[in-house]
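*Asks:* coords please:
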Amino acid sequence: MSIANSALPKAATGISGLDEITSGGLPKGRTTLVCGGAGCGKTLLSMEFLVRGATELGEPGVFIAFEETPEELAQNVASLGFDLNDLVARGQLALDFVLVERSEFAETGDFDLSGLFIRLDYAIDSIGAKRVVLDTLETLFAGLPNPAILRAEFRRLFRWLKDKGVTAIVTGERGDGQLTRHGLEEYVSDCVITLDHQVRDQTWTRRLRVLKYRGSGHGTNDYPFLIDANGISVTPITSIGLDHPVSTERISTGIARLDAMLGDQGYFRGTSVLVSGTAGTGKSSLAGHFAAATCIRGERVLYFAFEESAAQIQRNMGAIGLDLKQWAEQGLLRFHNARPSFTGLEMHLALVHRAVTQFAPSVVILDPLNSFITRGNELEVKGMLTRLIDFLKMHQITAMFTSLTRGSDSLEQTDSAISSLIDTWLLLAAVNTGGERNRVISILKSRGMSHSNQTREFLITDQGIDLLDVYVGPGGVLTGSARLAQEAIERSDQLERHQEIERRKQDLERRRAILDAQMTALEQEFEAQQSETLALIEREQQRQEQLLLNRASMASVRRADAVNQTQEGGA
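*Replies:* Got it, this is the predicted structure:
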């Protein structure tokens, strides 16, 4: 979420998410009221405000406690990794405990905060403090017989803090019908933050809300927040605009033939992918292929599993040729395994938000979404997933969700009704034909790319997922044994046709050989007759020539004249 910065000077809190919600931090040089019930995190938030300021922002701080001693405070926040004693020793933090005894007020009848001003002024000047926390001022009301006097002193205290130029936090207990029990919000009007600890379906979730922020824009929703070993983390859960960055880069699904169905290149980076289908259709296997392909590229994968342990997933994927364990050992794959009932929806969102921020993955997998669904909470789940998808898209993280579709429902429908938020939707199904259940995959939609409209059968083998060619038999698309049987019949028919063709080819060759032989014989007969005829013609020519010679010889013997010779020759 991004909110335009205001001209109002801000003091960054250093608390993850809170600065984003407040558009830069708390009002600098002013007082902020943090109120809430017992156990909601007021003291921890205030202390982290001081610690982060001292260690990360170069602003020393003073913590004035009215309920816990410095030793108790140091012990309480040590689990967050905060070493208060070290900060005190280095002059970055000052701790002071003010004990309020009701009996002292009753004996003297007088009360003012002058002593507190003196102690606070000394602590601020001794370390050059820029930040101050008063936790909790309402303790003073418990021992004061005249609240009117204390209210006047509060006004004077808050004015003094503002004149001192320090950024202050005052904590207060939540009241009935008002923010605090004694109306502190009347005096602290610049910024008010409420903390709450809500329960739903026997699951508790901490929430934060910026109720008021004078002079600055801010997030106005209830925001879930975590308290763990890293301190407080607030999750901005509202997107104010569809201004996500868009990438044209394509990344592989891990299955070459599925990439081909998706325009020969796979998914767009930074988009959301939904894999839905009935039980046993291979949704987790598809997610495993995508995780492995991402790790092979040297990119990180964050895998949230809500039904199986990391060891079980690694074993199952190993059976289909995917060694996810090696990627986990190399630090490219990180599993987060937890039951959905572990915490509420908003807290799950906060957990995902923190894990993504810490690990900086390229791909996030949630398997499966249905684990969050209970009776009547579909809209809440959709809201949570909407915010999660917005968050991941803002960081150009490709998200894959798996969703179990019940067999009695329409396959082209999800329990969480998030299909409109999804960029690419893969539908897996089991087709029951001939007493067999055979897996098929189809692409219901994939925004921004041309994609296959085929329903493809696929096998899960020891080498992974294998997509088969589409096979259409006489009765339509065939799968499984029916496909194998029909293929066998067609192979037999094809063999028979091939043999018939070969037989006909051989017959033609035989006929051609006979014809060639006949033609050769005819040619030989023709040549013989031609030779005989030419010889006859030649003999006749020789006979005629000999006859002429004989006549000429006879004429010479008879001494005939030329005329007679000619006549005799013509006779």
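
*Asks:* pLDDT wise, what is residue 251 at?
*Replies:* The predicted local distance difference test score for residue 251 is 96.

*Asks:* quick one: end-to-end distance for stretch 215-235.
*Replies:* Between the opening and closing residues of stretch 215-235 we find a distance of 23 Å, counting by CA to CA, to the nearest Å.

*Asks:* could you do stretch 383-403 as well?
*Replies:* So stretch 383-403: terminal residues 16 Å apart, CA to CA.

*Asks:* now stretch 430-440
*Replies:* So stretch 430-440: terminal residues 6 Å apart, CA to CA.

*Asks:* mind checking the pLDDT average for it?
*Replies:* 81.

*Asks:* flag every buried residue along that stretch.
*Replies:* Neighbour-count burial for stretch 430-440 flags 430-431, 433, 438-440 (criterion: 16 or more other CB atoms under 10 Å). Every residue, glycine included, has its C-beta placed from N, CA and C.

*Asks:* what about that stretch, distance to the chain center?
*Replies:* Here the centre of mass of C-alpha atoms in stretch 430-440, compared against the chain's by CA atoms, centre = their mean, to the nearest Å, lies 30 Å away.

*Asks:* ok so, going back, max pairwise distance over the buried residues of stretch 430-440: which two?
*Replies:* Using CB to CB, the two most remote members of the buried residues of stretch 430-440 are 433 and 439, lying 12.0 Å apart.

*Asks:* among the buried residues of stretch 430-440, which are located in strands?
*Replies:* Where the buried residues of stretch 430-440 overlap with strands, as defined by DSSP state E, the overlap consists of 430-431, 433, 438-440.

*Asks:* low pLDDT regions in the stretch 351-500 of the chain?
*Replies:* Of all residues in the stretch 351-500 of the chain, those with pLDDT under 70 make up the ranges 371, 373-380, 406-417, 434, 471-486.

*Asks:* how about 90 then?
*Replies:* Low-confidence regions of the stretch 351-500 of the chain, defined here as pLDDT under 90, cover residues 351-355, 357-358, 367-391, 394, 403-421, 430-438, 453-457, 468-500.

*Asks:* residue ranges of the helices in it, please?
*Replies:* 378-394, 480-558 (DSSP state H, counting those that start in this stretch).

*Asks:* just to revisit the earlier point, how about TSV for the ones in strands among the buried residues of stretch 430-440, with distance to residue 340 added?
*Replies:* As requested, these are exported to TSV (distance: CB to CB, whole Å):
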residue	distance to residue 340
430	25
431	31
433	35
438	31
439	27
440	29
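
*Asks:* show me which of those is closest to residue 326.
*Replies:* Within the set of those, residue 439 lies nearest residue 326; the separation is 26.9 Å, counting by CB to CB.

*Asks:* so what's that closest one bridging to?
*Replies:* residue 430 (DSSP bridges).

*Asks:* please report how far it lies from residue 266.
*Replies:* 20 Å (CB to CB, to the nearest Å).

*Asks:* equivalent analysis for residue 113, please.
*Replies:* 67 Å.

*Asks:* ok, residue 302 next?
*Replies:* 19 Å.

*Asks:* go on, residue 311?
*Replies:* 29 Å.

*Asks:* what of residue 292?
*Replies:* In this view, residue 292 and residue 266 are 13 Å apart by CB to CB.

*Asks:* and those two? Which one has more around it.
*Replies:* Ranked by neighbour count (other CB atoms under 10 Å), residue 292 and residue 266 place residue 266 first, with 25 against 22.

*Asks:* that one reaches residue 252, doesn't it?
*Replies:* Yes. Here residue 266 reaches residue 252: they are 4.5 Å apart, a contact under CB atoms under 8 Å.

*Asks:* mutual contacts of these two, please.
*Replies:* With contacts defined as CB atoms under 8 Å, 6 or more residues apart in numbering, the residues shared by residue 266 and residue 252 are residue 259.

*Asks:* centroid-nearest residue for this protein?
*Replies:* The centroid of the chain falls nearest to residue 399 when counting by CA atoms, centre = their mean (1.0 Å).

*Asks:* I figured that residue hits residue 385, correct?
*Replies:* No. Here residue 399 does not reach residue 385: they are 9.5 Å apart, not a contact under CB under 8 Å.

*Asks:* contacting residues for residue 464?
*Replies:* 255, 285, 289, 320-322.

*Asks:* among those, which one sits closest to residue 403?
*Replies:* When the contacts of residue 464 are ranked by distance to residue 403 (CB to CB), residue 285 comes first, at 14.8 Å.

*Asks:* okay, buried residues for the helix or strand containing the closest one please.
*Replies:* When elements are assigned from DSSP states H and E, residue 285 belongs to helix 283-296. Neighbour-count burial for helix 283-296 flags 283-295 (criterion: 16+ other CB under 10 Å).

*Asks:* ok, so of those, who is nearest residue 222?
*Replies:* Each of those was checked against residue 222 using CB to CB; the closest is residue 287, at 31.8 Å.

*Asks:* excluding chain neighbours, what is closest to the closest one?
*Replies:* Spatially, and ignoring its direct neighbours in sequence, residue 287 is nearest to residue 365 (5.1 Å; CB to CB, 6 or more residues apart in numbering).

*Asks:* what about that neighbour, how many neighbours?
*Replies:* Residue 365 has 25 nearby residues by other CB under 10 Å.

*Asks:* repeat that for residue 119.
*Replies:* Per other CB under 10 Å, the neighbour tally for residue 119 reads 16.

*Asks:* who touches it in this structure?
*Replies:* Taking CB under 8 Å, 6+ apart as the contact definition, residue 119 lies against 64, 96, 98.

*Asks:* let's see that with 10 Å instead.
*Replies:* Shown in contact with residue 119 (CB atoms under 10 Å, 6 or more residues apart in numbering): 62, 64, 94, 96, 98, 113.

*Asks:* would you check that the first one makes contact with residue 116?
*Replies:* No. Taking contacts as CB atoms under 10 Å, residue 62 lies outside contact range of residue 116: 11.8 Å.

*Asks:* in stretch 395-405, what's buried?
*Replies:* The neighbour-count check on stretch 395-405 (16+ other CB under 10 Å) flags 397-405 as buried.

*Asks:* again, but for stretch 296-305
*Replies:* For stretch 296-305, by 16+ other CB under 10 Å, it's 300-305.

*Asks:* let me know the closest of these to residue 205.
*Replies:* Using CB to CB, residue 304 is the member of the buried residues of stretch 296-305 that lies nearest residue 205, at 17.8 Å.
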